[in-house]
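Undergrad: quick one, structure for this:
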Amino acid sequence: MGSAILPIQVTIDKTKGIVCKPMPAYWHDARALHKPDDDDPAAMEEYEFNKRIIADKKPYFMRYIYPVLNRDYKRFEKAATVQVRLRFKLTMDEFLHRPMDVRSEEEIKMLQDYYTYMPVGIHDCTMNRICRAIEREFSEPVEIIEDVPTFDYQIMKSADPEPRNNSKYYALKKLYEEHRERMKRLTYQKNNRVVSKEMYTDYATSILTYFRRAADKICSSIPQLCDLVLDLCYTKGTSKQFAWDVIADGILANLSEKRNNVITFPQADPNGDIVYRGERFSMTSMEVDIDEYNN
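TA: Predicted coordinates for the structure are as follows:
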């Protein structure tokens, strides 16, 4: 475990009412592990044991949890691959699996440095093995579906649109930019474990409440607000999150109205004509009251 995360984790644990005994620094920080001054065999044996088991690196699978760690790992691997190619004319896979009895001293030194400075723990612990199994399963390129029709967002707009109000549109655009920056900061804090999942959920809820109220002050007409926000988010290659955070109910109401409040969805059916993951489904329709769901 990296030492930088410990103060944050302790703080989070305290908010949950958990009081943990501080972890000895030499458990996770190699600089805190000092070699005995004398030649006492027992002290040297303990030192060597602690040196072998020190947890100064997060395991490999955690690179998918911590974006910064993943970035460091990729940079390290890229640099090491270039060095191996230039110095030994080998691929990284060839270099790592090359028999020790045919390695030169330079190769042995390079291999030792590779494992020493690797930013993650690559041992075959259970989670690392599971992680690599998943990587192998998804190692093949994902098939790209060609000729996908362009999505027409107009179907989400109101059936009887009001004339566009540019002053409201640009006020909402300013609110959109603020929303994007706030959510970007919050996502960064969540991904880097600055805030816990519980804190993230609370912050996200309060932020969404703020933006919904702010949007309602700019435009109190839900159909008009819905159309303006959709034009703002769907006419360019911008994030659509603002639309679904602020006007999701309006979008659902518009879609429901255009379908006469009838929705169609797949339902499990042993005789159905749709097969998915070994099970059969058939399309089913039902009438819904969108106002009931919104309340």
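
Undergrad: for D39, phi and psi?
TA: Main-chain dihedrals, D39, degrees, to the nearest 10: phi -100, psi 30.

Undergrad: what about it, how many residues nearby?
TA: For D39, the neighbour count with other C-beta atoms under 10 Å is 7. The C-beta positions use only the backbone N, C-alpha and C, and glycine is treated the same way.

Undergrad: could you do the one 10 residues further on as well?
TA: Residues contacting F49 under the criterion other C-beta under 10 Å number 10.

Undergrad: ok, L33 next?
TA: Using other C-beta under 10 Å: L33 sits among 16 other residues.

Undergrad: and the gap between it and N271?
TA: Separation of L33 from N271 (C-beta to C-beta, to the nearest Å): 67 Å.

Undergrad: low pLDDT regions in this structure?
TA: Along the chain, the model assigns pLDDT under 70 to residues 1-18, 20, 142, 145-148, 290-295.

Undergrad: per-domain residue ranges of it.
TA: 3-137, 153-248, 259-295 (automatic domain parsing).

Undergrad: state the distance from the residue positioned nearest the centre of the chain to G278.
TA: Residue closest to the average C-alpha location in the chain (C-alpha atoms, centre = their mean): N191, at 6.5 Å. Remark: distance between N191 and G278 (C-beta to C-beta) = 35 Å.

Undergrad: most tightly surrounded among the domains of the chain?
TA: Burial of the domains of the chain is given as mean neighbour count (mean count of other C-beta atoms under 10 Å); domain 153-248 ranks first at a mean of 15.

Undergrad: okay, and S285 sits in which element?
TA: strand 279-287 (DSSP states H and E).

Undergrad: what sits up against that strand?
TA: With contact meaning C-beta atoms under 8 Å, 6 or more residues apart in numbering, strand 279-287 is reached by 261-275.

Undergrad: next: stretch 154-174.
TA: So stretch 154-174 is contacted by 215, 218-219, 221, 223-232, 250-251, 254-255, 257-258 (C-beta under 8 Å, 6+ apart).

Undergrad: one more time with 10 Å, if that's ok
TA: Identification of contacts with stretch 154-174 by C-beta atoms under 10 Å, 6 or more residues apart in numbering yields 179, 214-215, 217-219, 221-234, 242-243, 246-247, 250-255, 257-259.

Undergrad: next, the distance between the ends of that stretch.
TA: With C-alpha to C-alpha, to the nearest Å as the measure, stretch 154-174 spans 23 Å from end to end.

Undergrad: any idea how far it is from the chain center?
TA: How far stretch 154-174 lies from its chain's middle: 32 Å, per C-alpha atoms, centre = their mean, to the nearest Å.

Undergrad: related to what we said a few turns ago, CA-only coordinates of the strand holding S285, as PDB, when you get a sec.
TA: What follows is strand 279-287, C-alpha atoms only, in PDB (Å, rounded to 0.1, in the frame of the first residue of the first chain):
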ATOM      1  CA  GLU A 279     -32.300 -16.800 -22.200                       C
ATOM      2  CA  ARG A 280     -35.300 -15.900 -24.300                       C
ATOM      3  CA  PHE A 281     -37.300 -12.700 -24.300                       C
ATOM      4  CA  SER A 282     -40.200 -11.100 -26.100                       C
ATOM      5  CA  MET A 283     -41.200  -7.500 -26.500                       C
ATOM      6  CA  THR A 284     -44.000  -6.400 -24.200                       C
ATOM      7  CA  SER A 285     -46.000  -3.200 -24.200                       C
ATOM      8  CA  MET A 286     -47.700  -1.500 -21.200                       C
ATOM      9  CA  GLU A 287     -49.300   1.900 -20.500                       C
END
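
Undergrad: sheet partners, orientation included, of that strand?
TA: strand 262-268 (antiparallel), strand 274-276 (antiparallel) (DSSP bridges).

Undergrad: how close does the residue nearest to the centre of the chain get to N70?
TA: 10 Å.
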